[in-house]
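J.: here is a sequence together with a model predicted from it:
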Amino acid sequence: MAVMRDTGPMAVHEALAELTQRATTSGRTAFLGLVGPPGVGKSYAAARVVETLQQAGLSAAVLPMDGFHLSNHQLDRLGLRARKGAPETFDVAGFVALLERLAAGPSEAVYCPDYDRGLHEPIAGRLRIEASTQVIVTEGNYLLLDGAWSAVRPLLDSSWYLEAPATLREARLIARHVRGRSSAEAHAWVRTVDEPNARLVATTRDRAHLIIDSRGLDDQLARFSPESSPS
């Protein structure tokens, strides 16, 4: 897919139309990667994109990178609990292997892990992706990162980088973290863990096919109607 730097009102519509055209004509599952810093709204965006595709008559599913968080037990064993969410706190090889399995065209449904924000743990097999799924939307911080993560990028047919003002992201992150921490601890976590991760994610911004202000995504998705999808 060609890199699109135009973030105008038709950019998402055009990128989604190109992706669905590929999915419906190639006979294989198409993969969309949603990337961006913590708190930008990737999970919400993935759900909205899948909803939009389903309304257009396509079969679509979400596969979150966060399902490949190492468990708290393993993070404690490795001494990484205080860096949870950093690139080295994920099972990258497992994530890549699952993407490759799905890309190969499985003959039956595939069960996939998810992340539970209440338990703060990954949950094995909570998601089910049917073999007939036409578009898989995967979302996460590090889909365009180098190193061990570099195997992800070639598997994506399209990648969208989501951004939002730092003040909005930080407010969302603090609201998320106070569910299991004190206010002071939540602020400290955002400052010492989330924001360094955000700066790292920002270095991958120019690798995305499309750059989007996440605050306008709903309006842009509204331009993609069932009538505009390929038959």
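T.: Structure received.

J.: helix or strand: which one has the spatially most central residue of the chain?
T.: Centroid-nearest residue in the chain: Glu139, 0.6 Å away (criterion: Cα atoms, centre = their mean). Assigned by DSSP states H and E, Glu139 belongs to strand 135-140.

J.: now do that strand: distance to the chain's middle.
T.: With Cα atoms, centre = their mean, to the nearest Å as the basis, strand 135-140 stands 5 Å off its chain's centre.

J.: the helix or strand just after it vs strand 135-140, what angle?
T.: For strand 135-140, the following helix or strand on the C-terminal side (DSSP H and E) is strand 158-163. Inter-element angle recorded for strand 158-163 and strand 135-140: 40 degrees (by axes from the mean of the first three to the mean of the last three Cα atoms, to 10 degrees).

J.: next, the angle from the helix or strand just after strand 158-163 to strand 158-163.
T.: As assigned by DSSP H and E, the chain's next helix or strand after strand 158-163 is helix 166-177. Interaxial angle, helix 166-177 versus strand 158-163 (the same axes, to 10 degrees): 90 degrees.

J.: pull out the buried positions in the helix or strand following helix 166-177.
T.: Tracing the chain past helix 166-177, the next element assigned as helix or strand by DSSP H and E is helix 183-189. For helix 183-189, a neighbour-count test (16 or more other Cβ atoms under 10 Å) marks 186-187, 189 as buried. All C-beta spots, glycine's among them, are computed from the backbone N, C-alpha and C.

J.: helix, strand or coil: sort out Glu18 for me.
T.: Using DSSP: H, G, I helix; E, B strand; the rest coil, the three-state assignment for Glu18 comes out as helix.

J.: that one contacts His209, correct?
T.: No - Glu18 lies out of contact with His209 (Cβ atoms under 8 Å); the separation is 9.4 Å.

J.: the two: which has the busier surroundings?
T.: The neighbour comparison of Glu18 against His209 (other Cβ atoms under 10 Å) goes to His209, with 21 against 18.

J.: wait, the more buried one sits on Ser159?
T.: Yes - the pair His209 / Ser159 is scored as a contact, 5.2 Å apart, by Cβ under 8 Å.

J.: for the protein, what spans make up the strands?
T.: For the chain, the strands defined by DSSP state E cover 30-35, 60-64, 110-116, 121-129, 135-140, 158-163, 210-213.

J.: how about CSV for the ones you listed, with mean pLDDT and distance to Asn72 added?
T.: Converted to CSV, the strands of the chain look like this (pLDDT from 0 to 100; distance: least, Cβ to Cβ, whole Å):
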stretch, mean pLDDT, distance to Asn72
strand 30-35, 97, 25
strand 60-64, 98, 18
strand 110-116, 97, 12
strand 121-129, 97, 6
strand 135-140, 98, 19
strand 158-163, 96, 27
strand 210-213, 94, 33
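
J.: dump those to CSV, plus distance to Val178.
T.: Below are the strands of the chain laid out as CSV (distance: least, Cβ to Cβ, whole Å):
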stretch, distance to Val178
strand 30-35, 25
strand 60-64, 22
strand 110-116, 17
strand 121-129, 19
strand 135-140, 23
strand 158-163, 23
strand 210-213, 26
